[in-house]
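Trainee: sequence? don't have it. structure:
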């Protein structure tokens, strides 16, 4: 093995996990390591896991087995939400060298490299012993005289898993965790456009089905000046659109009264009636006022955080993408109460209607869960009717998955899987119909879009301001905003051409165009 290994980070799950993965890559790169092109080529492989469903756990275990099979010499380090929730379970899997929870993710590179160096030193020592003929099997009768100073006899180990695992597990109290990893995420398929920046982590809500607070901790916000630095750096690097995201994005800033630029506020400031922590709307306004970013896209925001001010801010600024994602989960009041959600169906309906009134052409998406414990046919029908009634343009439909340790997992009347899957199918079909109707409404009309990658010989993949996929006729460099006239809808995509007389807008003088066209 080389003294400085190559690394590879494989991410599972949500955008927040991907953002953590980007920050982990930055940790390694700052230490001089090079990123391998594939896990089979890396000496250190980091699996950054999700645990939101049982299938997410299963995917992570399958990836561990696959990587260990194809690259048995690699040190596999498992981190993320699954690692925080069940470290012993993961550490017992063949091939796993270290388990580092979210609580210690901010020092992952340091811990992983320490383990790598210890292994390299151990292998070197073993090789020297073997070559000199001093290597031998250690039996119960052996004393410590021939052993390295770091050796701990098995009989001396306690029952603490961290010790019996030779310090392979690094997991601590996530609620004492104050670090927030932040680095832009670049989608592999569209690496030259639309980076995603996580500005908030953790969650103070306690939904009965959700394991996330127990693996990500309390809500934590990235300081505003750090966010502005990251956004300005991305703008300087040539990016035209940035997506800001978080586990509970709308709660950004609420915790910042606890620290001012990393220092505890004075007692007089903390108790002052005039002191108020910043709120999410303040961050959005600052990005508009203190950067030259052309387009800001806001990811998922909980219903109770869609204030009239935020809606008006989005509606009035051409620099904010007209795209609102508002998790719903259920349209049944009884189910929402069992879920411990903080709003009622009529509150939710009011928010969606306000968004549509303020922005008639905006994309409006939602998360919907089916098969929650005790969900009756009548309660599911309430959800279906709400989806039918409200102007959604896309849905993420999830089938409930029991998570260990959550209140919902112990609730009676768990819905049989076939019934839950059928309800999922019904809502997905309904969502597809609503999306198609939304797209058809733009036929013959112009829409603003950013070019992504070449789709085929005759089209360029693009994304509209209101979150619709567009196949733009012709071959165009990535990362340009265009005005396109929609000609037809085909296979779930819109087909369009540059509006009459329109040329793809050049970036500002300090912003290079990312030309993906072949030479």
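Mentor: Nice, thanks for sending it over. This structure is a prediction, so every number in the text was calculated from the model and none was measured.

Trainee: how about stretch 445-453: buried residues?
Mentor: 446-452 (16 or more other Cβ atoms under 10 Å). Where you see a C-beta, it was placed from the backbone N, CA and C, and this is true even at glycine.

Trainee: ah, wrong one, I meant stretch 402-411
Mentor: 403, 406-409.

Trainee: likewise stretch 367-386?
Mentor: Quick answer for stretch 367-386 (16+ other Cβ under 10 Å): 368-373, 375, 379-380, 382-384, 386.

Trainee: In helices, which of these fall?
Mentor: 379-380, 382-384, 386 (DSSP state H).

Trainee: Let me have those residues in a markdown table, extended by distance to residue 168.
Mentor: Output for those, formatted as a markdown table (distance: Cβ to Cβ, whole Å):
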| residue | distance to residue 168 |
| --- | --- |
| 379 | 45 |
| 380 | 45 |
| 382 | 48 |
| 383 | 44 |
| 384 | 48 |
| 386 | 48 |
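
Trainee: gap between the strand or helix carrying residue 226 and the chain center?
Mentor: Assigned by DSSP states H and E, residue 226 falls within helix 224-236. With Cα atoms, centre = their mean, to the nearest Å as the basis, helix 224-236 stands 19 Å off its chain's centre.

Trainee: Show me what the helix or strand that it is followed by packs onto, helices and strands only.
Mentor: The C-terminal neighbour of helix 224-236 among helices and strands, as given by DSSP H and E, is strand 241-246. Judged by 3 or more Cβ pairs under 8 Å, 6 or more residues apart in numbering; DSSP states H and E, strand 241-246 is in contact with helix 15-30, strand 196-201, helix 224-236, strand 295-298.

Trainee: any idea of the angle strand 241-246 forms with strand 196-201?
Mentor: 20 degrees (axes from the mean of the first three to the mean of the last three Cα atoms, to 10 degrees).

Trainee: which regions of the chain sit below the pLDDT cut-off?
Mentor: Across the chain, the ranges flagged by pLDDT under 70 are 1-4, 117-167, 185-192, 257-275, 454, 500-519.

Trainee: okay, now the domains of it?
Mentor: Per automatic domain parsing, the structural domains of the chain span 7-128+160-173, 175-437, 441-519.

Trainee: distance between the ends of the longest one?
Mentor: The first and final residues of domain 175-437 sit 45 Å from each other (Cα to Cα, to the nearest Å).

Trainee: Report whether residue 97 is found in a strand, as I expect.
Mentor: Yes: checked against DSSP: H, G, I helix; E, B strand; the rest coil, residue 97 lies within a strand.

Trainee: separation between it and residue 114?
Mentor: 11 Å (Cβ to Cβ, to the nearest Å).

Trainee: So for these two, which residue has more residues nearby?
Mentor: residue 97 (17 against 13; other Cβ atoms under 10 Å).

Trainee: excluding its backbone neighbours, what's nearest the more buried one?
Mentor: Spatial nearest neighbour of residue 97, chain neighbours left out: residue 75 (4.1 Å); criterion: Cβ to Cβ, 6 or more residues apart in numbering.

Trainee: OK, contacts around residue 113?
Mentor: Residues in contact with residue 113, defined by Cβ atoms under 8 Å, 6 or more residues apart in numbering, are 5, 31, 44.

Trainee: Neighbour count and distance to residue 463 added to those, as a markdown table?
Mentor: Output for the contacts of residue 113, formatted as a markdown table (neighbours: other Cβ atoms under 10 Å; distance: Cβ to Cβ, whole Å):
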| residue | neighbour count | distance to residue 463 |
| --- | --- | --- |
| 5 | 20 | 37 |
| 31 | 12 | 35 |
| 44 | 24 | 34 |
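
Trainee: So which of those residues is the closest to residue 417?
Mentor: residue 44 (38.2 Å; Cβ to Cβ).

Trainee: isn't that closest one right next to residue 5, touching?
Mentor: Yes: at 4.9 Å, residue 44 counts as touching residue 5 under the criterion of Cβ atoms under 8 Å.

Trainee: who's in contact with the helix or strand harbouring residue 337?
Mentor: Residue 337 belongs to helix 333-339 when assigned by DSSP H and E. Applying Cβ under 8 Å, 6+ apart, the set of residues contacting helix 333-339 from outside is 207-209, 329-330, 343-345, 369, 372-375, 379, 382-383, 408, 411.

Trainee: buried set for the helix or strand just after that helix?
Mentor: For helix 333-339, the following helix or strand on the C-terminal side (DSSP H and E) is helix 345-358. Buried residues in helix 345-358, counted by 16+ other Cβ under 10 Å: 345, 348-349, 351-352, 354-356, 358.

Trainee: Would you mind measuring from the residue nearest to residue 306 when sequence neighbours are not counted to residue 320?
Mentor: The shortest distance from residue 306 to any non-neighbouring residue, by Cβ to Cβ, 6+ apart, is to residue 351 (4.9 Å). Separation of residue 351 from residue 320 (Cβ to Cβ): 17 Å.

Trainee: and if you look at residue 366?
Mentor: 19 Å.

Trainee: The two: which has the busier surroundings?
Mentor: Comparing residue 366 with residue 320 by neighbour count (other Cβ under 10 Å), the higher total belongs to residue 366, at 25 against 21.

Trainee: Which residues are in contact with that one?
Mentor: With contact set as Cβ under 8 Å, 6+ apart, residue 366 has these partners: 325-328, 387, 392, 395-396.

Trainee: Which of those residues fall in helices?
Mentor: The helices, defined by DSSP H, take in residue 387 from those.

Trainee: And the contacts of residue 366, which of them are buried?
Mentor: For the contacts of residue 366, buried by 16+ other Cβ under 10 Å: 325-328, 387, 392, 395.

Trainee: coming back round to it: quickly check the buried residues of stretch 402-411 for the two that are furthest apart.
Mentor: Going by Cβ to Cβ, the pair spanning these furthest: 403 and 407, at 10.0 Å.

Trainee: give the contact list for the residue nearest to residue 306.
Mentor: 303, 306, 326.

Trainee: Distance of it relative to residue 395?
Mentor: For residue 351, the distance to residue 395 - Cβ to Cβ - is 16 Å.

Trainee: Mind putting the helices and strands packed on strand 241-246 into a markdown table with mean neighbour count and distance to residue 463?
Mentor: Output for those, formatted as a markdown table (neighbours: other Cβ atoms under 10 Å; distance: least, Cβ to Cβ, whole Å):
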| stretch | mean neighbour count | distance to residue 463 |
| --- | --- | --- |
| helix 15-30 | 22 | 15 |
| strand 196-201 | 25 | 13 |
| helix 224-236 | 17 | 17 |
| strand 295-298 | 20 | 9 |
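
Trainee: Including distance to residue 285, could those go into a markdown table?
Mentor: Output for the helices and strands packed on strand 241-246, formatted as a markdown table (distance: least, Cβ to Cβ, whole Å):
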| stretch | distance to residue 285 |
| --- | --- |
| helix 15-30 | 23 |
| strand 196-201 | 14 |
| helix 224-236 | 10 |
| strand 295-298 | 11 |
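
Trainee: The ones you listed: which one's closest to residue 418?
Mentor: Here helix 15-30 is closest among the helices and strands packed on strand 241-246 (Cβ to Cβ), at 30.0 Å.

Trainee: Who are the packing partners of the closest one?
Mentor: Looks like helix 15-30 contacts strand 7-11, strand 44-49, strand 75-80, helix 108-132, strand 196-201, strand 241-246 (3+ Cβ pairs under 8 Å, 6+ apart).

Trainee: can you redo the ones you listed as TSV with distance to residue 294?
Mentor: Compiled in TSV, the helices and strands packed on helix 15-30 are given as follows (distance: least, Cβ to Cβ, whole Å):
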stretch	distance to residue 294
strand 7-11	27
strand 44-49	30
strand 75-80	33
helix 108-132	33
strand 196-201	15
strand 241-246	7
